[in-house]
Structure formats: C-alpha cells, structure tokens
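Novice: sharing a sequence plus its predicted fold:
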Amino acid sequence: MARFTLPRDIYHGKGALEALKTLEGTHAIVVVGGGSMKRFGFLDKVCQYLQEAGMETRVFEGVEPDPSVETVMRGAEAMREFQPDWIVAIGGGSPIDAAKAMWAFYEYPHTTFEQLCIPFNFPKLRTKARFCAIPSTSGTATEVTAFSVITDYQKGVKYPLADFNITPDVAIVDPALAETMPKKLTAHTGMDAMTHAIEAYVSTLHCDYTDPLALHAIKMISADLVDSFNGDMAARDRMHNAQCLAGMAFSNALLGIVHSMAHKTGAAYTGGHIVHGCANAMYLPKVIQFNSKNAEADRRYGEIAASLGLEPTTGALIAHLKAMNEKLEIPSCIRDYEGGIIDEAEFLEKLPTVAELAVGDACTGSNPRAITPDEMAKLLKCCYYDLEVDF
C-alpha cells in the first residue's frame with residue numbers, strides 16, 4: 001500500500017492571496033523571513049486579509065536562510081504565548097520550513113529535535129492549529145510537501161525532517177510574490193525544482209500518481225526557467241506553478257542523493273554556505289551519471305529526455321541540464337562556487353565525514369542506485385573537481 005498526500009486546498013493564480021479572507025479562526029501567527037515580503041507590501045496584505053477574516057494577528061519575523069534549531073525554538077515559544085489556531089508562513093522555503101518545525105514544538109513542547117529527525121516520526125498535529133503556506137520563490141515547493149529542512153549550526157549539518165503531518169492544510173500559490181525574486185535566486189530555486197522533479201521521476205517510490213506531475217513539471221521548467229531568469233514575467237508566473245507540481249511529485253515519491261549531498265555539504269565548510277538550489281544544480285548531472293548504471297534509472301532518464309524532444313538517452317539529458325546551468329550562470333563544480341570559497345584542503349579533510357552523513361540522509365533510501373560511503377566520497381570529489389563519474 002502507498003500513500004499520496006496533498007494540502008486540502010491549493011489556491012493559485014494572480015490574486016490568490018485574497019483566499020486568506022476565507023480562513024476561519026480567532027488567532028493567526030504569521031511567520032516571515034528577512035524583509036522582502038515586508039518591503040514589497042505582501043506582509044501587510046496578509047495581515048490585512050487575516051484581520052478581515054476576523055482574526056487577531058501577530059508576526060514572527062527574521063527567520064534566516066537555512067533556518068536554525070534556535071530560531072525554531074524561539075518561534076515555538078512565541079506560538080505558545082500567543083496560542084494561534086492558524087500558522088501562516090510566507091516567503092521562501094526558509095520561513096515555511098521553520099514554521100513547520102515550530103508547529104510541532106508549539107503543540108508538543110516536550111518533543112525533542114532528535115525525535116523529529118527520525119523520518120515519519122512526528123506526533124499527530126492539528127491539536128491546536130492548522131497551517132497555511134504562501135511561497136514567494138519558485139523552487140522549494142514546501143507549501144505542498146511533507147518536508148522541512150532545519151540546520152544545526154553547532155554540528156554544521158542540515159537535517160531534512162519528513163512527515164505527512166507537516167503537509168500544509170492550505171497552500172496559496174500566487175505568482176505576484178515570485179515576480180519579486182532577484183535573478184540569481186530565480187536560477188537557484190528553479191534548478192531546485194528541476195532536481196525535485198527528476199529525482200521524483202526516478203525514485204524507487206515513484207508511482208502512477210507522481211509520474212505525470214514530475215514529467216509535466218520537468219517540461220515546464222525546461223521551457224520557462226531560462227526565460228524567467230532573463231526577466232520574462234509570464235514565464236516567471238508559469239514557473240511558480242511548475243515548482244508546485246514538482247513538489248507534489250517529490251513529497252510523495254521522495255527524492256535521491258542529489259538532495260542528500262546538498263543537505264550535508266550546505267553548511268559543512270567555514271568558507272561559506274553552498275546555497276541549496278545551486279548545490280542541486282551542480283550535483284545533478286554527476287548523480288545522473290552515477291545512477292545511470294542502474295538499468296531502470298537509465299531507461300527513465302531516457303524517457304525524460306524524450307519528453308523534452310531530445311535523443312532518448314541519459315547522455316542527452318545530462319548535456320541539456322549542463323547547458324541550462326551555463327545559461328543560468330551556475331558553476332559546474334564546488335571548486336568554482338562563488339569564486340572558490342570552499343577551500344580544497346578543508347573539503348578533503350571533511351570528505352569522509354560528509355560522505356558518511358550523506359549516505360545516512362533521509363533522501364538516500366529512495367535513490368535508484370544504492371551507494372556506500374566510499375562511493376559517496378568519490379562522487380563528491382567528482383562534484384568538487386568536475387570529474388567524469390565512471391564507477
């Protein structure tokens with residue numbers, strides 16, 4: 001038996017933000033990030049619509065990119081103080097992911113972060129509040145997924161939390177918010193969405209319900225991402241839908257080792273963070289090469305290529321993705337990331353630990369080809385130096 005879970009309601013299209021007026025409750029806490037939603041007036045609109053729905057509102061702001069355990073705990077404390085019956089998270093993946101984890105600690109104060117790190121181990125939610133997610137970026141699709149990524153900065157490790165309990169009740173996919181994205185963010189979040197869709201399509205848990213969503217998302221992203229990056233707002237609007245479709249697919253089919261590697265390299269180095277979407281974009285062609293040694297994965301990569309009008313081979317798909325990365329000004333390897341901020345000596349010193357952590361990541365289990373820590377270390381070296389994957 002398998003399960004397919006989505007939010008109860010998904011409002012989409014320009015003006016969808018007004019759906020907040022239909023929510024029923026008395027208290028809503030709004031979780032938001034660093035300021036762009038306030039600057040562009042969307043935070044005020046959210047609060048206004050919630051107040052029109054008859055709710056008292058409070059704002060918890062300042063969620064950082066790659067939200068920390070400490071921020072999650074502070075947000076949960078604010079919720080316990082305010083006692084909301086709606087949690088409304090608006091912004092990129094970070095405030096929505098953080099709010100999902102806050103939700104658990106709000107309803108269950110004695111739960112530990114370690115307990116939530118065990119996949120599909122959340123307590124039953126909705127004992128106090130329901131959840132509405134409003135994405136402003138076109139990539140994470142956390143508004144429709146059973147996932148949240150939280151960083152333990154003391155350990156330098158990102159933890160993907162997974163449980164169908166944290167799939168939002170309501171998603172509002174309004175493209176007006178995505179039109180404010182800067183160029184680089186458009187590229188990184190777009191390739192994050194592409195990685196979601198491709199990994200979902202070849203996942204060991206893919207099924208008839210997830211395949212059409214993944215394949216259609218891949219076609220849309222391939223057609224629209226570069227134009228969106230170059231300022232075409234009609235393409236930007238379509239990308240907002242495409243990333244959501246990719247999210248529906250991967251939330252149910254799960255992911256693979258591109259994400260395992262991105263999670264475990266993201267916060268591992270003192271030179272700086274490797275932005276999640278950029279990491280996915282750099283690692284995806286290498287992982288496809290690695291996975292193509294599995295006959296079924298190789299066949300399905302060929303199906304993706306054929307759907308894009310390419311030669312129906314894994315090699316054609318890899319070439320297409322590399323060409324997209326180049327047009328999106330994304331480097332081909334970790335060594336070239338942000339002018340070389342990831343020190344080679346530190347990368348090699350931490351390689352065995354990072355490789356072991358990546359193999360143990362929650363996303364590894366559904367990858368189409370099994371991988372050992374030694375193979376993961378080799379694959380990560382290919383991603384650092386831009387080497388061919390021949391094992």
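Specialist: Received, thanks.

Novice: R74 sits in which helix or strand?
Specialist: Following DSSP states H and E, one finds R74 within helix 69-82.

Novice: now do the buried residues in that helix.
Specialist: Judged by neighbour count (16 or more other Cβ atoms under 10 Å), helix 69-82 contains these buried residues: 69, 71-72, 74-76, 78-79. Where you see a C-beta, it was placed from the backbone N, CA and C, and this is true even at glycine.

Novice: what does the least confident helix or strand in the chain by mean pLDDT rub up against?
Specialist: Every helix and strand in the chain was compared by mean pLDDT, DSSP states H and E; the lowest is strand 157-162, with a mean of 88. Strand 157-162 has contacts (Cβ atoms under 8 Å, 6 or more residues apart in numbering) with 66, 100-101, 113, 116-117, 119-120, 122, 146-152, 259, 263-264, 266-268, 357, 361-363.

Novice: same thing but at 7 Å, please
Specialist: Contacts with strand 157-162, where a contact means Cβ atoms under 7 Å, 6 or more residues apart in numbering, come from 66, 101, 116-117, 119-120, 146-152, 263-264, 266-267, 357, 361-363.

Novice: so M102: helix, strand or coil?
Specialist: helix (DSSP: H, G, I helix; E, B strand; the rest coil).

Novice: quick check: it touching G75?
Specialist: Yes. Between M102 and G75 there is a contact under Cβ atoms under 7 Å: 3.8 Å.

Novice: if we can go back for a sec, so which of the contacts of strand 157-162 sit within helices?
Specialist: When DSSP state H defines the helices, the subset of the contacts of strand 157-162 inside them is 101, 116, 263-264, 266, 357.

Novice: out of these, who's nearest A171?
Specialist: Comparing the ones in helices among the contacts of strand 157-162 against A171 with Cβ to Cβ places A101 closest, at 17.7 Å.

Novice: hang on, the earlier thing: I90: which of the ones in helices among the contacts of strand 157-162 is nearest?
Specialist: Using Cβ to Cβ, the ones in helices among the contacts of strand 157-162 come closest to I90 at A101, 16.2 Å.

Novice: how near is the closest one to G190?
Specialist: Note on A101: its distance to G190, by Cβ to Cβ, to the nearest Å, is 25 Å.

Novice: who has more neighbours, these two?
Specialist: G190 (29 against 26; other Cβ atoms under 10 Å).

Novice: in the host helix or strand of the more buried one, what's buried?
Specialist: If you go by DSSP H and E, G190 is part of helix 183-202. Buried residues in helix 183-202, counted by 16+ other Cβ under 10 Å: 185-202.

Novice: ok, stretch 13-26 next?
Specialist: Residues of stretch 13-26 classed as buried: 16-17, 19-20, 23 (neighbour count, 16+ other Cβ under 10 Å).

Novice: re the thing from before, which is the next helix or strand following the helix holding R74?
Specialist: strand 86-91.

Novice: averaged over its residues, what pLDDT does that following strand have?
Specialist: Mean pLDDT, computed over strand 86-91, is 97.

Novice: report the contact partners of the spatially most central residue of the chain.
Specialist: Central residue of the chain (Cα atoms, centre = their mean): T140, 3.1 Å from the mean position. T140 makes contact with 92-93, 189, 192, according to Cβ under 7 Å, 6+ apart.

Novice: how about the residues you listed in JSON lines, adding distance to L379?
Specialist: Converted to JSON lines, the contacts of T140 look like this (distance: Cβ to Cβ, whole Å):
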{"residue": "G92", "distance to L379": "28"}
{"residue": "G93", "distance to L379": "25"}
{"residue": "T189", "distance to L379": "24"}
{"residue": "D192", "distance to L379": "19"}
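
Novice: pull the most distant pair out of these.
Specialist: Among the contacts of T140, G92 and D192 lie farthest apart (Cβ to Cβ), at 10.6 Å.

Novice: got the domain boundaries for this structure?
Specialist: 9-178, 184-385 (automatic domain parsing).

Novice: now those domains as CSV including distance to A2?
Specialist: Listed next are the domains of the chain as CSV, based on distance: least, Cβ to Cβ, whole Å:
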stretch, distance to A2
domain 9-178, 12
domain 184-385, 6
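
Novice: perfect, I'm done here.
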